[in-house]
Structures are given as C-alpha cells and as structure tokens.
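Asker: A structural model of the following input is requested.
(one chain, ligands or ions: 1)
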Amino acid sequence: MKRTALRFITTTGAIALAIGLAGCASGGSAGSGDGGSAAPAEDLTVGVAMPTETSERWINDGDAVKSQLEEAGYEVDLQFANDDIPTQQQQIEQMVTKGADILIVASIDGTALASQLEAAAAKGIPVIAYDRLINGTENVDFYVTFDNYEVGVQQATSLLQGLGYLDAEGNETDLSDKKIIELFAGSPDDNNTGFFFDGAMDTLKPFIDDGRLTVGSGQTSMDQVATLRWDGATAQKRMEDLLTSTYGGGSKPLHGVLSPYDGISRGIITALQNAGYGDSIEDGLPVVSGQDAEIASVKLINDGVQFATIFKDTRKLATEAVKAAEAYAEGGEPEANDTETYDNGEKVVPSYLLESDIVVKDNITSLLVDSDYWTADEVASGVAE
Ligand code: BGC
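Answerer: Now for the predicted structure:
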C-alpha cells in the first residue's frame, strides 16, 4: 500500500477551526480551554490510541488517521499499545495529561478504559471510539466503525460460497451434500467479536439446523471458540487440538472453518496443511474465511489457499474519524447514521457505520488493486511495500 494512497479526502482545510466543544457528551470544552474558546487546527492535538502493530490493519489505520489529521492541520500523538491493556491505559492517561484536545481510541479491551476516559471527560476532551466500541462508560461521544453484524454475515456467506451452498451472488444452490465445519471467533474482550459471531451464526444456522452442516467438534459457544487477543498462534494450537481430538490427526473429513480474522485464518491453515489436508483448496484444504484483507492473506487467496477475506477500507474509516474530530473541533456534533445499535451498557453511542465487501480470488483486482489498497506486485509477493 502506498502511503500516498492513504492521503484520502479530508473534509475541510481546517484553518482556524473554532473550538467550543460544549456540545460533546462529556459536557466540557477542549482540553486547552473552557467552553467556546477558539483555536486554530494547528494548535489542536488529537491523541490517537491504536491497539497493536502486530496486525497490519492497525498500522494502516494509524497511518491513515495520522496523515489525514495532519493534512487537516492538527498535531497528532499516535500510540500503539502492543496489545497490552496497561500500556494502552497509560498511553491514554499521558495523552490526557499532555493536553490532547480530542481522543480517537481503538481499544484492546473495550471495558478497561473507564477511568482514563473519566479523566478525559473532566477536561472536556471528546472521545471517538474507533472501530471497537468502548463499553461501560458514559464518556465516549461517538463511534466510527463498519457494520460489524454484516461483517459476520459476510464471513459466513463466504464460507457457504466456498463450500458450494451459495453461488457468487449469494443465492442458494441445489447442493444437498452434508459437510463438516469448525468455528473460530475473535477476542472475547473486543465488543466486535460478538457482532461478527452473531452475524455468522445467524447465517449458518439454517444449514446447521437442516443437517447440511455439522460442527464436527460440537464446539459452538463463544467460550469454546473465542481466540484471546485475536492471536494466530492461539488459533493454530486450538485447530491442532481439534484435529487430534476430532479428526484423527487429519485423517477424517473437514470441509470448512469459519475464521473471523486473517491472522487467525493463517494459523488455522498452517495447522490444516501440517496435518496433511493439502496445500491448496484444490488439493483438499478446507475452505477458510477471514477478515481485513491483510496482504499475506490476499496472496493466499490469490494462490487458492485461503478462500476469502472481508475488505474493510481503513482509509474510509480514518476519514470518518477525522470528520468526527473536525465536527468537535468546530464546536458541533458528528453526523451519525446509526443511533440504535451500539449500546455500551451506559448509553447508546451515536455511530457512523461503513460497509464492507467479501474478497475472493476473482475480485481481488477490482476491489483491492483498482482502489489502490494493494498493488498487483504486493498481491503477488504477499508483502506490503
Ligand atoms: C476489528 C477487525 C480485526 C480484529 C483483529 C476487530 O476489532 O474490527 O477488523 O480483524 O479486531 O485485529
């Protein structure tokens, strides 16, 4: 992905934005002043807290948010937290202490930031939850994300397409063969995990209910299928354990695996290949879904190894986060397109939801290359340039 491709649309030139954040739910003004004081964009700092650099998507998100904010004239304090909750808590505390005016936060554990956000609210700093909802606090003002339930629907749809029960348009075929699958979900402390899993399970349910699909291990509950911190090695280990306990170490049929994220998909695929299911889908490797269009997985899809992923354009999400920050900087409110779905236990957080797409081998070029998300060379090599 070219850095320049990340320099997407910014909403305004952001010259001399008025800062009067009395409208934000935390009920105060920007950190640098009392309600109604004015500051140009270049005097405003936006603290951006991202969960980890171990997954490419968060690096891309961080880069995209930073470059778009800088282009609009803001100072940016971007931090990654190594998927470590105390590190993220400390980073946000420091952003507040150092005088951030607005916060954009992609949380690690959506329930672990209440006291940091209370400190932010006390200083009147608006908080925008990025991609993952922050739970159990009044002090989150806006949420930018994708339609997470729909992402889960798309993951299961792609699995059903790979298994042959749905065609490329998503219509049911006349296939009535019985097939065996396994299920994986994401990190249990990430609010998105339940949305993805519910969307996927609602989509798979008719096929499970009428016996076309069977979950071989019988493991279908969230506590059985979740993958702490979305860790690929953890998923690989669980897949290896399942192969030992249920599939004779790889000698019994397994046709598909629902996977919620490309890093997990690659762990699952490695376990399946090591157990002798074949190197590619053509050779008998089970169909595996994914999420994020990470370049290593896009290459695997192109090579016929992973079946699908879900493309969530991080540049567009960054643009929505920047728009929300600018709305607060101008003393207004960001525009929501969903005011019902995302209840964080304290309030329904007004949200802006984006759409995502299923990527399979046939549409890599139209969805990912033509949009400059990845180049054709990157797809071929599996490495971001
Ligand atoms: C994001 C996914 C991502 C996952 C693991 C989720 O919160 O919505 O896009 O795959 O975290 O990083």
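Asker: ok, the closest residue to A308 other than its chain neighbours - how many residues close by?
Answerer: Counting by C-beta to C-beta, 6 or more residues apart in numbering, S158 is the residue found nearest to A308 once chain neighbours are left out, at 3.6 Å. C-beta coordinates here come from the backbone N, C-alpha and C atoms, glycine included. When neighbours are defined as other C-beta atoms under 10 Å, S158 has 28 of them.
Asker: which ones are touching S158?
Answerer: 289, 307-310, 358, 360 (C-beta atoms under 8 Å, 6 or more residues apart in numbering).
Asker: repeat for W374
Answerer: Applying C-beta under 8 Å, 6+ apart to W374 gives the contacts 1, 293, 295, 298, 368, 384.
Asker: now do F142
Answerer: With contact set as C-beta under 8 Å, 6+ apart, F142 has these partners: 126-129, 324, 333-334, 336, 349-352.
Asker: can you tell me how far it is from the ligand?
Answerer: Distance of F142 to the ligand, computed by C-beta to the nearest ligand atom, to the nearest Å: 17 Å.
Asker: how about Y261?
Answerer: With C-beta to the nearest ligand atom as the criterion, Y261 and the ligand are 4 Å apart.
Asker: surely that residue is in contact with A293?
Answerer: No: assessed by C-beta atoms under 8 Å, Y261 is found out of contact with A293, at 10.9 Å.
Asker: neighbour count for the two, which is higher?
Answerer: Legend: neighbour count by other C-beta under 10 Å for Y261 and A293, higher for Y261 (31 against 27).
Asker: pLDDT value on the more buried one, please?
Answerer: Listed pLDDT for Y261 reads 98.
Asker: S107 now?
Answerer: You'll see S107 listed with a pLDDT of 98.
Asker: likewise A16?
Answerer: 31.
Asker: how about the residue in the stretch 51-200 of the chain that the ligand sits nearest to, secondary structure?
Answerer: Here the residue of the stretch 51-200 of the chain nearest the ligand is N192; by C-beta to the nearest ligand atom that distance is 4.0 Å. With DSSP: H, G, I helix; E, B strand; the rest coil as the basis, N192 sits in helix.
Asker: name all residues that make contact with the residue nearest to it when sequence neighbours are not counted.
Answerer: Counting by C-beta to C-beta, 6+ apart, N192 lies nearest to N148, which is 4.9 Å off, once chain neighbours are set aside. By C-beta under 8 Å, 6+ apart, the contact set of N148 is 192, 195-196, 199.
Asker: which ones are touching V46?
Answerer: The contact partners of V46, by C-beta under 8 Å, 6+ apart, come to 69, 74-77, 100-104, 325.
Asker: ditto for G211
Answerer: For G211, the contacting residues are K178, by C-beta under 8 Å, 6+ apart.
Asker: apply 10 Å and report the result again.
Answerer: Shown in contact with G211 (C-beta atoms under 10 Å, 6 or more residues apart in numbering): 176, 178.
Asker: that'll do, ta.
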